[in-house]
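Q: Mind looking at a prediction? Sequence and model below.
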Amino acid sequence: MNHDHSIAELPPHANHSPLFVRSRGHGDVIVCLHSSTGSHAQWRGLADVLAWQGQTITPDLHGHGRSPAWPRDRANTLQVDARGVVTALNACREPGGAQGFHLVGHSYGGAVALQIALDHPRLVKSLTLYEPAAFGVLWMMGPCEAEQDEIEDIADSVAALVRIGEFEGAARIFVGYWGGPLAWEAMVPAQRATVIARMPTVPRHFDALFRGTWSARSLSSLAMPILLMHGSQTRAPARRAAELLAEALPHARCTEFTGLGHLGPMTHAAPVDAAIAAHLAASGLAQQSAQVEMAST
């Protein structure tokens, strides 16, 4: 059964509008965070896969889906969505449920997941990330000049068009960069309209990602099991960020998907979802869920 929740944030964000969250299932909590221009619907298939293993919580991040716009009085940092997610999670948690949760994230959502793990390392049971767009590490752990220039050029192009209200042009560049030259044309009008409507938030995402300048030392403190996935056909900045994160995260296991690009969780959901489910099971999800099921019989 699906339950829609509109969660009011707690102080110091009490005056801000809530995030929209979809919750499904019961038991161990798995929080799934979508990419830029996506929504909770990105993880619908994964929620089906995990239906009998735990409580899957899928928020819409600020400026996406049914959630409100980015708070105007907040800087462009990953903490904005990270704090909103944690507050929503606290409100969605089942009464008497165990503390802690598993985090799944893709691209921008993967970077938000890393921020949550750094802020709450004792609560995060595992991290499962597909190409987290942690572009701040390119500056912290380089040398990555070519990759820095490439992603900055895309971010600047998108931001320039958004500033003058050319949201469709910005969407074409953004989708074309991550999905390939035919990606925009392959989208149906309704999909294009959705991406266009979410473009005003994308420059904020880029700013937040560039400001996520975590050091190798801080990342090395993350002791939970981590699966770091990437596609063999991804863009250079995403590949380099994945490489640097793999070096810095001592408990990371890395998986490359042959032929997949940055949008692998959407274009090839079945193998990516299977890898996510396997990592969650190896991180204790299946065992704990089985115990809950046995106790209820």
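A: Noted; the coordinates are in hand.

Q: so how far is M187 from A41?
A: Going from A41 to M187 by C-beta to C-beta, to the nearest Å gives 15 Å. For the C-beta atoms, the positions are set from N, CA and C on the backbone; glycine is no exception.

Q: quick one: the strands in the protein?
A: Using DSSP state E, the strands of the chain run over residues 2-7, 19-24, 29-33, 55-59, 101-106, 124-130, 226-231, 252-257.

Q: Is it possible to get TSV of those that adds mean pLDDT and distance to L161?
A: What follows is the strands of the chain, written out as TSV (pLDDT from 0 to 100; distance: least, C-beta to C-beta, whole Å):
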stretch	mean pLDDT	distance to L161
strand 2-7	36	32
strand 19-24	94	27
strand 29-33	97	26
strand 55-59	95	27
strand 101-106	97	24
strand 124-130	97	27
strand 226-231	98	27
strand 252-257	97	31
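
Q: Mind putting the ones you listed into a markdown table with mean neighbour count and distance to G45?
A: As requested, these are exported to a markdown table (neighbours: other C-beta atoms under 10 Å; distance: least, C-beta to C-beta, whole Å):
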| stretch | mean neighbour count | distance to G45 |
| --- | --- | --- |
| strand 2-7 | 13 | 14 |
| strand 19-24 | 23 | 12 |
| strand 29-33 | 27 | 11 |
| strand 55-59 | 26 | 11 |
| strand 101-106 | 27 | 12 |
| strand 124-130 | 25 | 14 |
| strand 226-231 | 24 | 16 |
| strand 252-257 | 15 | 16 |
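
Q: Quick one: closest of these to A171.
A: Smallest distance to A171 across the strands of the chain (C-beta to C-beta): 18.4 Å, for strand 101-106.

Q: quick one: the closest one to strand 124-130, angle?
A: Per axes from the mean of the first three to the mean of the last three C-alpha atoms, to 10 degrees, the angle that strand 101-106 makes with strand 124-130 is 10 degrees.

Q: elements contacting strand 101-106?
A: Judged by 3 or more C-beta pairs under 8 Å, 6 or more residues apart in numbering; DSSP states H and E, strand 101-106 is in contact with strand 29-33, helix 108-119, strand 124-130, helix 269-282.

Q: now do the same end-to-end measure for stretch 157-175.
A: This stretch, stretch 157-175, spans 13 Å end to end (C-alpha to C-alpha, to the nearest Å).

Q: OK, contacts around the spatially closest residue to S107 that is not a sequence neighbour?
A: What sits nearest to S107 in space, not counting adjacent residues and going by C-beta to C-beta, 6 or more residues apart in numbering, is S35, at 3.6 Å. Applying C-beta atoms under 8 Å, 6 or more residues apart in numbering, one finds that S35 lies in contact with 42, 106-109, 133, 263, 265.
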